[in-house]
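> Sharing a model prediction with you, sequence too.
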Amino acid sequence: MDISNSVYGNYYMQNAQNTARTSGLEQKLTGGSMTEATDEELMDACKEFEAYLVEQVLKQVKESIPKTEEEENQYTEYFGDMMLQEYASAITDQGSLGIAQKLYESMKNNMKAVSISEAEAGDATSLNAKA
């Protein structure tokens, strides 16, 4: 009985951690004004997204590998997830996939477009006020 409770507790904790990471990442990518973010903050958010994406892919690969009863316990599951997070971070830091860089470039282009449209809207408002 104690083992099943700890397995459920472990699952609950992992789920809570994933939810917190996901919502934190979502807040970084969508929350606040993107035009106020520095290039470094924007790149960090993009790298976090890439690491999260790679981690989810690695978890799916891990699930596809058959396990023996000896390999299945709460400790190997917990530390296995930590290991996957570290692998994902290492893959992202190498920059070999390039997802973070492409996302960064796309977001920078979108920020420029938003800035231009805001400036045009401001100019139109000031022209209407003068008329």
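Cool, got the structure.
> pLDDT on stretch 115-124, on average?
Mean pLDDT, stretch 115-124: 68.
> Worst mean pLDDT across the helices and strands of the chain, which element?
Using mean pLDDT, DSSP states H and E, helix 2-30 stands out as the lowest-scoring helix or strand of the chain, at a mean of 62.
> packing partners for the helix or strand following that helix?
Downstream of helix 2-30, the first helix or strand assigned by DSSP states H and E is helix 39-64. Helices and strands touching helix 39-64, as assessed by 3 or more C-beta pairs under 8 Å, 6 or more residues apart in numbering; DSSP states H and E, comprise helix 2-30, helix 74-94, helix 99-130. Every residue, glycine included, has its C-beta placed from N, CA and C.
> Can you get me the start-to-end distance on stretch 60-76?
Across stretch 60-76, the terminal residues are separated by 16 Å (C-alpha to C-alpha, to the nearest Å).
> and it, average pLDDT?
The model assigns stretch 60-76 a mean pLDDT of 82.
> Give me the distance between residue 58 and residue 114.
Separation of residue 58 from residue 114 (C-beta to C-beta, to the nearest Å): 34 Å.
> again with residue 19
Between residue 19 and residue 114 the computed distance is 29 Å (C-beta to C-beta).
> which of the two has more neighbours?
More crowded of residue 19 and residue 114, by other C-beta atoms under 10 Å: residue 114, with 13 against 10.
> Residue 92 against residue 100, yeah?
Yes. At 6.3 Å, residue 92 counts as touching residue 100 under the criterion of C-beta atoms under 8 Å.
> Give me the common contacts of those two.
Residues touching both residue 92 and residue 100 by C-beta atoms under 8 Å, 6 or more residues apart in numbering: 47, 50.
> give me the number of residues near the spatially closest residue to residue 99 that is not a sequence neighbour?
Leaving aside its sequence neighbours, residue 99 sits nearest to residue 50 (C-beta to C-beta, 6 or more residues apart in numbering; 4.4 Å). Per other C-beta under 10 Å, the neighbour tally for residue 50 reads 24.
> can you check residue 43 too?
17.
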